[in-house]
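Asks: sequence and predicted model, in that order:
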Amino acid sequence: MSGPRVVVVGAGVVGAALADELATRGWDEVTVVDQGALPSPGGSSSHAPGLVFQTNASKAMSELARHTVEKLSALDLDGEPCYLPVGGLEVATTDDRLTELHRRHGWATSWGLDARVLPPAECLELYPLLDPDRVLGGLYLPTDGVAKAVRAVVAQLRRAQARGVRVLENHEVLDVLTAGGRVTGVRTDRGDVPADVVVCCAGIWGPRVAGMVGMDLPLTPLAHQLAWTSPVPAMAGLDTEISRPIVRHQGADLYFRDRFDQVGIGFYGHRPMPVGVEEIGRPSRPVAGPMPSVLPFTPRDFEPAWALSRELLPALGEAEVAEAFNGLFSFTTDDFPLLGPSRDVEGFWVAEAVWVTHSAGVGRAMAEWLVEGRTTVDLHECDVNRFESHHLAPDYVLARGKQNFVEVYDVKHPLQPMEDPRPLRTSPFHPRQVALGAEFLEFNGWERPQWYAANEPLLAGRDVPAVDGWAARHWSPIAAAEAQVTRERVAMYDMTALKHLEVSGPGATAFLQRVCTGNVDKSVGSVTYCLLLHEDGGIHSDVTVARLAADTYQVGANGPLDEDRLARLARLPPGDGSGAPVTVRDVTPGYCCVGLWGPRARDVLQPLTTTDVSNEAFGYFRAKQLYVGNVPVTALRLSYVGELGWELYTTADLGLKLWDTLWAAGQEHGVIAGGRAAFNGLRLEKGYRSFGVDMTFEHDPWEAGLGFAVRLQKESFVGRDAVVARREAVQRRLTCLTLPRDAGTGLDGVVLGKEPVYDGDRCVGYVTSASYGYTIGTGIAYAWLPAELAEPGQELRVGWFDRRLRAVVTAEPLVDPEMKRLRS
Ligand SMILES: Cc1cc2nc3c(=O)[nH]c(=O)nc-3n(C[C@H](O)[C@H](O)[C@H](O)COP(=O)(O)OP(=O)(O)OC[C@H]3O[C@@H](n4cnc5c(N)ncnc54)[C@H](O)[C@@H]3O)c2cc1C
């Protein structure tokens, strides 16, 4: 026997995959508990049609799907395959959808999947039931297919059982037992099962099980309609379960799969039908229906689906709906699963809101995380601790779950903001921003100005990029003027949404020295840019650490996962024997911040304060407490846009006063308000990386061009040994590309991010961040590339829908490499 005692709650496709992966890694004191009877205990896996489309905007989600395909392809149950690799075909019947298929083709290619956009005739060859007059093209992935979920459950559980895992069916978990803040087991209706680790893989019942330890799980069970036709005459004679591709018609919210001579039709176009977790049946409290997750069919909701299906597949006109039901599965507030450990209860983990498509990938990732403490796939998007507190409000969870059901197949621009509930979080500057005609986008609940209509007159006589289509959505040429004025004069940027944490207490210095790659034990007033690493040397985050007092630091961070990581590390014994207490606190909501940046920033600030803000008295990367007029401010001399200036923090109550004071003083210097669109272009001109977009857990500092933030003179910090070892092994690099104007179209090379990068016809990498460089007059894209192709001058191509744009590797930063503007 080895490994801790683990209870996996739920023998669906996720719990089974996890049990198998844990056993494979030598953890065999594992018990899988399910309230239902195997092989179909009654959850979503018991009746899922199992379509696996691997293409996803998220690299991680595509990788989880690809692993599912690989694993299930190699798995059988008594000789019967667990995966049927029939291919996947997503069809377009409008020009917009065809354009979207090209974008999706780009994602698939970026993430290493073999995908092709096919003309109508080839789509029809693959799936002859399609109406030749409607289909304009299709995205085809030969490795997509059908996962046999029930078979996969049994096959994985059997394999796990052979390695010692116990499976207890017909055992309902009634409570999760805890003592001293950690789990000790589960109480079932047939007795207790002791455990050191409990993993909630309870699907739609997840909130109920997580609630047993007081954890709010932002998940909504929603019904989704699935129907099977009667035999279709045109399919007569098809004697294998399925031999032709699965089909998606996302423009009509539909998907299809064959089953011998019948067609299964899944529909997302009906009204959202959420179900409260306590309303879902379970063996101890049955409700009508063959399974707890199956609700009675509501034919009227299916009427549009049936009409649209017969339009795309006219042969269905000779058939009828033979079986149908409303099946329940989980939706989250941001479409990503909920994975990882509870923040509050040691040993309680969740693997929730996972599709069959991603199940084996998630099983592997969770097992890696539990056993090895790290995952091969970067899961920051899926981490259950990624949420802000308002994200857990029941109203929010329900509203977003319903909306995500409605939008599941919609075409979404990467900047497209959610519409409701809004506004949620507004900075104190909001009324002034509204008065300036701000166009707001939403980020983590915050309303952030993207540009300001009031700046339109600044456009006169300026060069702005020529863009159209997708590059022009959620964008305005005003951004160009705002960026240029920032470099010429001075601008105010609302930086309130930037998460900042207070790390304080007698142990604060030793703690930060232990967890950061930089040396933060410098004089009060010092600011240090450094990284938080994982134990394997991968980047967890990049942070800016300002020492405000001997035992008080302000840490500029990237999001809730940084707070979570620091709080967890703070709970661990320091190892230096000091045991001095340290507190990590998110202070963002009580504060606001103006980025005052541009060559005239000092001219604006100095008359407002008695503190000397000259370069000599207040140098670059220094912090001071000062007054701006009547407002006490923490000023950090930093700039994410690469200009002279300060981040000026004050408490929320004084925010409006700060804005007004700076605004009034700035008038004679031509101050403007600047939005995120300008900001993003400016930061890329300066080569500043953004965590989560440019680099993630899977990258190390050397590859990401952040080696300068790793202070190897420090004897120890989390991840040091691993990162040292990785230094000599760099094979890929985050690389700056410039995209010149296309002579043919006259359009500038502005892309969105996630596009494939080609060397000839070979995909060699993918774009992370992109923007136009408004002050250098060219498109910019950062991309992960093999090191040998990352040399300046290298000519490449970036996939942009059905085109390839010229791109040239260019030395970075593109603006002010001598740092004169920042340090002056
Ligand atoms: C109609 C329909 C069509 C779908 N089509 C697809 C598709 O084509 N492709 C795709 O990828 N996904 C599809 N899905 C989604 C997919 O089925 C689910 O996301 C997936 O099966 C969830 O697996 P799971 O293991 O997390 O949950 P489940 O399969 O629901 O398993 C959870 C298990 O936990 C057990 N449990 C819960 N509470 C307790 C407790 N207190 N004590 C003991 N046991 C408990 C339950 O009995 C259940 O067996 C579809 C879903 C539906 C409903």
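Replies: Nice, thanks for sending it over. Because the structure is predicted, anything quoted here is derived from the model rather than measured.
Asks: use CA for all of it now, contacts and neighbours both
Replies: OK.
Asks: show residues contacting stretch 158-168.
Replies: If you take Cα atoms under 8 Å, 6 or more residues apart in numbering as the criterion, stretch 158-168 is touched by 19-21, 23-24, 28-34, 157.
Asks: count the neighbours of residue 389 for me.
Replies: By other Cα atoms under 10 Å, the residues close to residue 389 number 8.
Asks: whoops, residue 323 was the one
Replies: Neighbour count for residue 323, taken as other Cα under 10 Å: 12.
Asks: quick one, what contacts it?
Replies: Applying Cα under 8 Å, 6+ apart, the residues near residue 323 are 227, 228, 229.
Asks: which one of those residues is nearest the ligand?
Replies: Closest approach between the contacts of residue 323 and the ligand, by Cα to the nearest ligand atom: residue 227, at 8.6 Å.
Asks: just confirm that closest one is within a helix.
Replies: No - Residue 227 is assigned strand when assessed by DSSP: H, G, I helix; E, B strand; the rest coil, not a helix.
Asks: in stretch 82-97, what counts as buried?
Replies: 82-93, 97 (16 or more other Cα atoms under 10 Å).
Asks: that stretch: end-to-end distance?
Replies: End-to-end span of stretch 82-97 (Cα to Cα, to the nearest Å): 32 Å.
Asks: and for stretch 114-121?
Replies: 20 Å.
Asks: dump the residue contacts of residue 437.
Replies: So residue 437 contacts 452, 453, 454 (Cα under 8 Å, 6+ apart).
Asks: that one and the ligand, how far apart?
Replies: Counting by Cα to the nearest ligand atom, to the nearest Å, the gap from residue 437 to the ligand is 42 Å.
Asks: all numbers from here: first residue = 294
Replies: Got it, first residue is 294 now, which makes that one residue 730.
Asks: quick check on the residue nearest to that residue when sequence neighbours are not counted: phi, psi?
Replies: By the measure of Cα to Cα, 6 or more residues apart in numbering, the closest residue to residue 730 outside its immediate chain neighbours is residue 746, 4.7 Å from it. Per-residue torsions, residue 746: phi -60, psi -30 (degrees, to the nearest 10).
Asks: roughly how far does residue 746 sit from the ligand?
Replies: Residue 746 is 44 Å from the ligand, by Cα to the nearest ligand atom.
Asks: hmm, that residue is touching residue 770, no?
Replies: No - with contact defined as Cα atoms under 8 Å, residue 746 and residue 770 do not form a contacting pair (10.3 Å).
Asks: would you point out which residue of the stretch 844-993 of the chain is nearest the ligand?
Replies: residue 854 (23.3 Å).
Asks: how deep is that residue tucked in, by neighbour count?
Replies: Neighbours of residue 854 (other Cα under 10 Å): 20.
Asks: list the contacts for it?
Replies: Contacts of residue 854 (Cα under 8 Å, 6+ apart): 673, 676, 678, 679.
Asks: rounded mean pLDDT for the host helix or strand of residue 397, please.
Replies: Using DSSP states H and E, residue 397 maps to helix 388-403. If you average the pLDDT over helix 388-403, you get 98.
Asks: same check, this time on stretch 818-834
Replies: Mean predicted confidence for stretch 818-834 is 96.
Asks: got it, and stretch 741-755?
Replies: Rounded mean pLDDT across stretch 741-755 is 97.
Asks: same question for stretch 456-468.
Replies: 97.
Asks: check the separation of the first and last residues in it.
Replies: Per Cα to Cα, stretch 456-468 runs 27 Å from first to last residue.
Asks: which ones are touching the residue nearest to residue 730?
Replies: So residue 746 contacts 729, 730, 731, 732, 771 (Cα under 8 Å, 6+ apart).
Asks: any chance of the residues you listed in TSV, plus pLDDT, distance to residue 489 and secondary structure?
Replies: Formatted as TSV, the contacts of residue 746 follow (pLDDT from 0 to 100; distance: Cα to Cα, whole Å; DSSP: H, G, I helix; E, B strand; the rest coil):
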residue	pLDDT	distance to residue 489	secondary structure
729	98	56	coil
730	98	55	coil
731	98	52	strand
732	98	50	strand
771	98	57	helix
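Asks: which two in those residues are spaced the farthest apart?
Replies: Comparing every pair within the contacts of residue 746 by Cα to Cα identifies 729 and 771 as the most remote, at 12.7 Å.
Asks: hey, where'd the helices end up in the stretch 494-643 of the chain?
Replies: Counting by DSSP state H, counting those that start in this stretch, the stretch 494-643 of the chain has helices at residues 499-504, 592-605.
Asks: highest average neighbour count across the ones you listed?
Replies: helix 499-504 (a mean of 22; mean count of other Cα atoms under 10 Å).
Asks: so for it, what's the average pLDDT?
Replies: On average, helix 499-504 scores 98.
Asks: put the alpha carbons of it into PDB.
Replies: The C-alpha trace of helix 499-504 is given here as PDB (Å, rounded to 0.1, in the frame of the first residue of the first chain):
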ATOM      1  CA  GLY A 499     -20.700  19.000  -7.000                       C
ATOM      2  CA  PRO A 500     -22.000  22.100  -5.200                       C
ATOM      3  CA  ARG A 501     -23.800  19.800  -2.800                       C
ATOM      4  CA  VAL A 502     -20.600  17.800  -2.000                       C
ATOM      5  CA  ALA A 503     -18.400  20.800  -1.900                       C
ATOM      6  CA  GLY A 504     -20.900  22.500   0.400                       C
END
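Asks: how far off centre is that helix?
Replies: The chain centre lies 23 Å from the centre of helix 499-504; the measure is Cα atoms, centre = their mean, to the nearest Å.
Asks: picking up where we left off before, I'd like to know which of the helices of the stretch 494-643 of the chain lies nearest to the ligand.
Replies: Of the helices of the stretch 494-643 of the chain, nearest to the ligand by Cα to the nearest ligand atom is helix 499-504, at 5.8 Å.
Asks: show me what the closest one is packed up against.
Replies: strand 466-472, strand 490-493 (3 or more Cα pairs under 8 Å, 6 or more residues apart in numbering; DSSP states H and E).
Asks: those into TSV, with extra columns for distance to residue 834?
Replies: Supplementary listing: the helices and strands packed on helix 499-504 in TSV, determined by distance: least, Cα to Cα, whole Å:
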stretch	distance to residue 834
strand 466-472	32
strand 490-493	26
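Asks: apart from its chain neighbours, what residue comes closest to residue 853?
Replies: Using Cα to Cα, 6+ apart, the closest residue to residue 853 is residue 679 (5.4 Å).
Asks: which residues does that neighbour contact?
Replies: Counting by Cα under 8 Å, 6+ apart, residue 679 makes contact with 673, 852, 853, 854.
Asks: in the host helix or strand of the last one, what counts as buried?
Replies: For residue 854, the enclosing helix or strand under DSSP H and E is helix 853-864. Judged by neighbour count using 16+ other Cα under 10 Å, the buried positions of helix 853-864 are 853, 854, 855, 856, 858, 859, 860, 862, 863.
Asks: distance of the first one relative to residue 677?
Replies: Read that as residue 853. 10 Å.
Asks: quickly note the distance from the nearest residue to residue 1003 once chain neighbours are set aside to residue 840.
Replies: With Cα to Cα, 6+ apart as the criterion, residue 1003 has its nearest non-adjacent residue at 4.9 Å, and that residue is residue 810. Distance, residue 810 to residue 840, by Cα to Cα: 15 Å.
Asks: among the two, which residue is more densely surrounded?
Replies: Comparing residue 810 with residue 840 by neighbour count (other Cα under 10 Å), the higher total belongs to residue 810, at 30 against 26.
Asks: low-confidence regions, this structure specifically.
Replies: Regions of the chain meeting the criterion pLDDT under 70 cover residues 294, 579-582, 867-871.
Asks: go with 80
Replies: 294, 575-583, 865-872 (pLDDT under 80).
Asks: show me the contacts for the residue nearest to residue 1003.
Replies: Contact analysis of residue 810 by Cα under 8 Å, 6+ apart lists 823, 824, 825, 826, 1002, 1003, 1004, 1005, 1010, 1011, 1013.
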